[in-house]
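In: have a look at this fold, sequence not included:
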């Protein structure tokens, strides 16, 4: 969910991966790996930087969509 949420918020705000990485002060390669789900466990520092750059809370960034969570139960 984190990867999907970052990608959706980034696109919604009209940011490229490179621009978001710069705003978050992380490497572009790190952001790409997170968005692709390759980096399964980014550090809390990295997640905090991304959330701040996107202007959202960490909770909002990692939140699981309730509809999707409900669908997965069945």
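Out: Ah, there it is. These figures come from a predicted structure and were not determined experimentally.
In: where does the protein dip in pLDDT?
Out: 65-74 (pLDDT under 70).
In: where do the helices of it begin and end?
Out: 2-12, 17-24, 28-36, 44-54, 58-62, 66-73 (DSSP state H).
In: mind putting those in CSV, mean neighbour count included?
Out: Backbone N, C-alpha and C define where each C-beta goes, glycine included. Formatted as CSV, these follow (neighbours: other C-beta atoms under 10 Å):
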stretch, mean neighbour count
helix 2-12, 16
helix 17-24, 18
helix 28-36, 17
helix 44-54, 18
helix 58-62, 13
helix 66-73, 9
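In: got the contact list for the closest residue to residue 5 other than its chain neighbours?
Out: In this structure, residue 5 finds its nearest non-sequential neighbour in residue 61, 5.6 Å apart by C-beta to C-beta, 6 or more residues apart in numbering. By C-beta atoms under 8 Å, 6 or more residues apart in numbering, the contact set of residue 61 is 2, 5, 6, 9, 47, 50, 51, 54.
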